[in-house]
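Trainee: Requesting a structural model of the entry that follows:
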Amino acid sequence: MEIRININEYADVSYIKNLLSKVKGVVSIETDEDENYSWEEIENSEVFAKVIEQSRKDFEEGRYIESTPELIESLFRKK
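Mentor: Residues are numbered from 1 along each chain as shown. Next comes the predicted model:
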């Protein structure tokens, strides 16, 4: 059986692949574009600049959610 997932250009592909690899029954994960970028390439990209600018605008306009330490810990807790 096969499932196709379409993601936008801002998606964290490596995180999604890692997440899916932990799902019971997943045999393999393939992507159309398996490129690894250096942090310098990411920081200097036009897409990254747009994401940072949008984040700043959202914050200045009050469009953000404050998270409690407990929520953050539950999301990133190592098991």
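
Trainee: Against F59, how distant is I7?
Mentor: Noted for I7: a distance of 24 Å to F59, by CB to CB, to the nearest Å. In this view, the C-beta of every residue, glycine as well, is placed from N, C-alpha and C.

Trainee: for the closest residue to V47 other than its chain neighbours, helix, strand, or coil?
Mentor: Distances taken as CB to CB, 6 or more residues apart in numbering place E9 nearest to V47, at 6.3 Å, with adjacent residues excluded. Recorded secondary structure, E9: coil (DSSP: H, G, I helix; E, B strand; the rest coil).

Trainee: where's R63, which helix or strand?
Mentor: Here R63 is covered by no helix or strand, with elements defined by DSSP states H and E.

Trainee: For burial, what's the neighbour tally of it?
Mentor: For R63, the count of nearby residues is 10 (other CB atoms under 10 Å).

Trainee: go on, the one 4 residues further on?
Mentor: By other CB under 10 Å, the residues close to S67 number 10.
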